[in-house]
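> Turn this into a structure:
(chains A and B, ligands or ions: 1)
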Amino acid sequence: MASDGISNSGIPDRQQIAQQRLRIIAGHLQKPLDTSDGRIRALECNAPDNQPSGATTKTVPRRRQEVMKWNGWGYSDSRFHFNKKGQAEFTGKRYRLSGMIMPSLKDWFEGTFGANIQHKNFASAVLSPGAVRPPTLNEAFTEEVRSTGIPYSSDAEDRVFRGHGHCLHEIFALREGKVGRVPDMVVWPNCHNDVVKIVELACKHNVCLIPYGGGTSVSSALECPPEEARSIVSLDTSQMNRILWIDEKNLTAHVEAGIVGQDLERLLGESGYCTGHEPDSMEFSSLGGWVATRASGMKKNIYGNIEDLLVHVKMVTPRGVVEKSCLVPRMSTGPDIHHFILGSEGTLGVVTEVTIKIRPLPEYQKYGSVVFPNFEMGVACLREVAKQRCAPASIRLVDNEQFQFGHALKPQVSSMFTSFLEGLKKFYITKFKGFDPQHLCVATLLFEGDREKVLQHEKQVYDIAAKFGGLAAGEDNGQRGYMLTFVIAYLRDLGMDHFVIGESFETSVPWDRVLDVCRNVKERITRECKDKGVQFTPFSTCRVTQTYDAGACVYFYFAFNSRGLGDPVRVYEQVEHAARQEILANGGSLSHHHGVGKLRKAWMRETLSEVGMGMLKSVKDYVDPENIFGSGNLL
Amino acid sequence: MTSISLYSPRNPMLKKRDDFEDMLEERRSSSDLKYAFKCYTPVLYKGLPPCKTTMLKSMVLQSDQLHYVINQISKETGEVAGAIQEEASAILEEMAHRLQLSTVRFFAFALTKAFKTLFRSISVNEEGIQRLQQAIQDHPVVLLPSHRSYMDFLLMSYILYTYDLALPVIAAGMDFMGMKIVGEMLRMSGAFFIRRSFGGDKLYWAVFSEYVKTMLRNGMAPVEFFLEGTRSRTCKSLTPKLGLLNIVMEPFLKGEVFDVSLVPVSISYERILEESLYARELLGVPKPKESTSGLFKARKVLGENYGSIHVYFGHPVSVRTLSEGRVNRCEFNLQPRFIPRKPSDDTQSFVNDVAYRLVRAQEENMVLMPWVLLASLLLQAHYRGPGCSALGPEPDPHHHHGMTLEELTLQAVWLRGLVRGFGAFLHWPDDKPPSEVVSASMSLHQGLVRVSDGRVWLLLKEPGGPGPGTPEERLLGVAVAVLSCASYRNQVLHVFLRPSLLATAIHIASSGRKEEVFNTFSFLRNMLANEFILCPGAAVQDFEEACQQLVKSGALQVSQQQVTATDRGQPTLAFLTDMLEPFLQGYQVVCRYLCEEASESLTEKDFVPAVRNFTVKLILAGNLRYCEALSSDLQKNALAALLRLGAVHRVNGGEQVTLKVDKMVLNSLTDTLGGKLPTQKSLLARL
Ligand SMILES: Cc1cc2nc3c(=O)[nH]c(=O)nc-3n(C[C@H](O)[C@H](O)[C@H](O)COP(=O)(O)OP(=O)(O)OC[C@H]3O[C@@H](n4cnc5c(N)ncnc54)[C@H](O)[C@@H]3O)c2cc1C
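Okay, the predicted model is just below:
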């Protein structure tokens, strides 16, 4: 939805609805063809020219570096920079913000971080060939792979691209041109059967396999264990990206696991459907990756998290293929084996195909926002909304710091962004009297459904908000909030260009502890930075991004000016470690959706108990006794 | 435990302390009225506006915590929740403060007048005030002053008012409530009142703890209470009470606040208003009830000079920092936080350690006046002399040996060097000749000491006390004087405590083997753990500290195996053993009483009077010279120690609690204490 959703909603209602209807209709027209097509072709997949219609416009090529940055976030053509006039600018044409200038960003940036845009620390543009150690290849394995015809490569660029996710330390090292242990080889299976072959060969030749989906991991899950002596093969699922069939009766779709979120939604959209699963990384993250990390999408209130969407899953393990025998909504057959697969983080096998729930595209979408006098009131409101179980598709509450950050991103000229800042100022003097600009915070909302219901729903939510001192603050403000989540990863690269480093992390908490966790973690970050010699107070901010019956998901951003620090990444890691410690001490979870990977492994035992660890371990020992899937995540 | 960084470096000589400013100086040269009406705009926690007490009360009454307890009680007793809620409301009414600036201003005015006549100076470390000001803005603050006088909390509020700091809310004992007007005035100056004992009363506890926690969580005002629980009548620190400390730590432990700052405050009086009052109380002369008229009678003190007061605001201690690596806050994750719950053993022992550390921090920043050294020397001289046993029917004035002024001065100078070496916070004006310092000290304490013909001795007859009467009455007079004097010596005891324990251990131990000396040291330490501030579990650390200090002062040589006294160390060691002697003798008297005299039906209530009678007899018979053994404080501490060590057991028999003696254990403790038995492993093991 990155570009899609945003572009739609700036358009006046009636026009927007009309457009959406058209799309739905277009989808319907296409559908019969698509479905039958899929059903037939699902059976064989080797022929490259045999692909179902949609996949011809696939986003992710084998050589990812041709469209994406090898040492930063996202598309190569899209990035922030400060232009000659010192104004922040977003390049490219892909996004709503592309080509725009954000005049207030510089002041915000320099003021918040004590940074100076004249201080530059640009990334090295090309990967020096000497930086990458030559691959440790298992000749016999390579030979047999070659004979299967499955594409593979041990080109340095290909390997480096698959040796990391998007943790700060990973990107930071790449920017400096430093490369650690990376996969020795990349293979691109085209379908389930290819995966079966590769896994068999890996077992036969004792090769270590690491599945690779969209590469958006933020838990060091894709990092190669440096001590791994075997040849490490990255199994890139990106070419397994077809929708194999759509079943309108049961509202399910059967999809190959390598498909990335934006393709999945676009292709389903052509048939008038969607999954509604929209993690912020959906442009790049893959269906298999979601399953493997227990991902969560921003519209989970309507559509559910990945575990709710999953009807059937097929995974290739060293022991063979694991899957259930039927496509049913629920079953009582002992512990759900799906839950061994969900969150397995590539340690048990490769998810190859998924049957996922789909929904008709919503007829109507509307953004909204509410301003609260302070964060406490905002949280109380979200709690009430959750209690009444009337949460819109998405409801997020950002704290004051993030609210101000949002402001700084306001583009100079744009029809869609009405003059919010000015509006707000006026707002103050009239309606907002008594709202302290240093304390107020904003909830952003996204409603979906048929028009009538959306409007009704909207009223219900605004009424609740009013009880907590909340005032409706317009659609633009809401929309901009969501836009921020798509550009934030690009902004991190801009920060790093000027010595500012940062990252986000998340947790889930019971309702009664939300405020405590937010306060304590933010303050812990500030204090730790100070202790570690960070000169300028860090940017430490949070938002409540999901509501549940029994609690909420809280998301933290944390960034600081690292200029003058000897080892910025180490400081960063120590602070993040302390922050996680603080989260746990305050009753938060180790992770709500990012997963454990290697980054948070150290806390697994205290999180799950000794016996719990043993249970996971015994599954691993049974499924993968030789540790073929040796990424070393989780356990 | 060693990791707790409450103090400055290990080497006490390196301790750096702030300078003092006399805050009365300005008062003497400007209008009191203007001062009382000065502009008062304290900074508050995170710059929040102050919160009304009515708001505080409703927050407490509406809290989940309280509701939970009310519902529980309702279920247990069948009483309707509404009635219990009303009861809670009444408890809160009785308890809550009603801080009012006008009352504070009134006190500011009245106290200024009083202070200016009573005291030469009130000195405060202003750097400490600045630190406190910062602390108040950053985190909820708990003020923990030492408690030696009724004056303490008024003085605290007075200082904070003067420096424009947020006024504290103070936990005060209910006995003040007896004084109608004064009680209400104290309430309006920030005191809240808690019943002395409410052991099993769940509702009371819930209201009380929620009241304190609500103030802390919201940073409404600094909370102030006395770790020692009550005024120390002996002027040595009392072992800390944990109830309130547990309460104020909870908001941090449960994650409700980021941190809590604990600020130990040491208030040292050069002369204590209640001096002889305390001595009488300890001797069982009933204390006057705290009544308004009683307080007004106290006006007679107004004519006298009470010297100077030093108030030292210690470094704020972060509970968060202290708890690092010691407490796993996750223990509170698996239950809603409104359900009252006993913390884990680890957490409890952590709180206990912190309490001890804080009291030690108070001790370390207590300013010692030269008089405490003189009192120590004079008291030792007194015990070396004929002492109380010379209480014949006609006391011979020439029998009061005392010592010559020169001797005293010389010894005082020697002692000054010793205490400084041990890191004491001694306020000795080095710019004046020692003789002048000595005589100035003595003139301030005319009531306790007499100088004539170049000789100095303790004034053993209470001024204005009964004339020659029965031996018992005369003994009482002497004891009042001795205990008054001891209350000054006691102020310096914490400085000597560890070296004194070591010196005594060397003295008692049958050999100089380090292991044996250590065992004896541990034994003594354990025996005296209710008497002095000895951090639990820190025996090894204390031993090392004591060795280090004595080696440094040249009194000891310590090798891997051996602890040896040096020749030139003899005077030091003798002085140090003498410091502890009154206590050890006192404990032996208690043991003897329990062995020889205690009946099967001895009740806890009768214990103190019975021991006192026994002690009086011993003294009058000339078998004991230490009339400090008459102190009920010592007797109670000894009993607590014996109970803890299993030599005595409490038996709950209906109305009364009786004490059962385990003769075996008691005898072996007594023998070891008297140096008759080597400290055996087996005995130590059971301690
Ligand atoms: C900017 C940004 C925003 C994000 N927002 C969200 C969000 O809103 N919600 C959310 O849940 N997460 C979010 N994430 C985290 C990340 O996108 C998710 O963890 C995502 O599910 C990872 O998918 P991927 O396809 O990129 O997997 P990868 O990063 O390639 O791999 C992640 C892990 O899954 C394993 N894996 C991948 N594919 C398979 C497969 N087919 N079979 C078996 N194992 C496999 C890998 O071995 C690895 O251990 C975000 C990350 C970024 C950088």
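> Would you map the strands across the stretch 501-635 of chain A?
A:539-547, A:551-561 (DSSP state E, counting those that start in this stretch).
> Next: the stretch 51-200 of chain B.
With DSSP E, counting those that start in this stretch as the criterion, the stretch 51-200 of chain B has strands at B:121-124, B:141-145, B:169-173, B:191-194.
> looking at those, which is buried most?
strand B:141-145 (a mean of 27; mean count of other CB atoms under 10 Å in any protein chain shown). For every residue, glycine as well, the C-beta is placed using N, CA and C.
> Report pLDDT for the residue nearest to the spatial centre of chain B.
Taking CA atoms, centre = their mean, the centroid of chain B lies closest to B:Ser237, which sits 2.4 Å from it. Looking at B:Ser237, its pLDDT stands at 95.
> Please report how far it lies from chain A.
Here B:Ser237 is placed at a distance of 32 Å from chain A (CB to the nearest CB, to the nearest Å).
> check which helix or strand covers that residue.
Assigned by DSSP states H and E, B:Ser237 belongs to neither a helix nor a strand.
> in stretch B:372-384, what counts as buried?
Neighbour-count burial for stretch B:372-384 flags B:372-383 (criterion: 16 or more other CB atoms under 10 Å in any protein chain shown).
> residues contacting A:Lys522?
Contacts for A:Lys522 were tallied using CB atoms under 8 Å, 6 or more residues apart in numbering or on different chains; they are A:540-542, A:556.
> B:Thr404 touches B:Val456, doesn't it?
Yes - under the criterion of CB atoms under 8 Å, B:Thr404 makes contact with B:Val456 at 7.3 Å.
> between these two, who's got more neighbours?
The residue with more neighbours, out of B:Thr404 and B:Val456, is B:Val456; 25 against 12, by other CB atoms under 10 Å in any protein chain shown.
> Quick check on the more buried one: phi, psi?
Main-chain dihedrals, B:Val456, degrees, to the nearest 10: phi -120, psi 140.
> How about the residues of chain B by chain A?
B:255-256, B:258, B:328-330, B:332-333, B:336-337 (CB under 8 Å from any CB of the partner chain).
> and which of these is nearest the ligand?
Using CB to the nearest ligand atom, B:Asn333 comes nearest to the ligand of those, at 23.6 Å.
> Can you tell me, leaving aside adjacent residues, what's nearest to that closest one?
In space, and not counting its chain neighbours, B:Asn333 is closest to A:Gly587: 4.2 Å by CB to CB, 6 or more residues apart in numbering or on different chains.
> So the one you found versus the ligand, what's the distance?
Distance, A:Gly587 to the ligand, using CB to the nearest ligand atom, to the nearest Å: 21 Å.
> pLDDT wise, what is that residue at?
Value for A:Gly587, per-residue pLDDT: 97.
> Is residue 311 in a helix, a strand, or coil?
In the absence of a named chain, chain A is used. Of the three states, A:Val311 takes strand according to DSSP: H, G, I helix; E, B strand; the rest coil.
> look at chain B instead
strand.
> Give me the distance between it and B:Ser232.
16 Å (CB to CB, to the nearest Å).
> now swap in A:Val487 and tell me
Separation of A:Val487 from B:Ser232 (CB to CB): 65 Å.
> any low-confidence regions in the chain?
No chain was given, so I picked chain A. Under the criterion pLDDT under 70, the flagged ranges of chain A are A:1-58, A:413-433.
> hmm, I had chain B in mind actually
In chain B (pLDDT under 70), the answer is B:1-15, B:175-178, B:286-303, B:386-401, B:461-468, B:677-687.
> how about B:Lys113, what does it touch?
Shown in contact with B:Lys113 (CB under 8 Å, 6+ apart): B:Asp32.
> returning to that earlier point: roughly how far does the residue nearest to the centre of chain B sit from B:Gln541?
Going from B:Ser237 to B:Gln541 by CB to CB gives 18 Å.
> that older thread, looking at the strands of the stretch 51-200 of chain B, which is nearest to B:Thr504?
strand B:141-145 (30.6 Å; CB to CB).
> what's next to the closest one, contact-wise?
By CB under 8 Å, 6+ apart, strand B:141-145 touches B:45, B:132, B:135, B:152-153, B:156, B:168, B:216, B:222-227, B:248, B:260-267, B:316, B:358, B:362.
> ok, that strand: who's next to it in the sheet?
strand B:223-224 (parallel), strand B:261-269 (parallel) (DSSP bridges).
> For chain A, what's the nearest residue on the stretch 451-600 of chain B?
B:Gly537 (24.6 Å; CB to the nearest CB).
> Quick check: end-to-end length of stretch B:138-147?
End-to-end distance for stretch B:138-147: 26 Å, by CA to CA, to the nearest Å.
> what about the helices in the stretch 1-150 of chain A?
A:2-9, A:13-41, A:105-113, A:139-148 (DSSP state H, counting those that start in this stretch).
> if I pick A:Gly258, what's in contact with it?
By CB under 8 Å, 6+ apart, the neighbours of A:Gly258 are A:213, A:236-241, A:286-288.
> In which helix or strand does it reside?
A:Gly258 belongs to no helix or strand, assigned by DSSP H and E.
> Dihedrals phi and psi, the residue nearest to it when sequence neighbours are not counted?
Leaving aside its sequence neighbours, A:Gly258 sits nearest to A:Thr237 (CB to CB, 6+ apart; 3.2 Å). The phi/psi pair for A:Thr237 (degrees, to the nearest 10) reads phi -90, psi 0.
> need the strands of the stretch 501-635 of chain A in a markdown table with mean neighbour count, can you?
Output for the strands of the stretch 501-635 of chain A, formatted as a markdown table (neighbours: other CB atoms under 10 Å in any protein chain shown):
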| stretch | mean neighbour count |
| --- | --- |
| strand A:539-547 | 25 |
| strand A:551-561 | 25 |
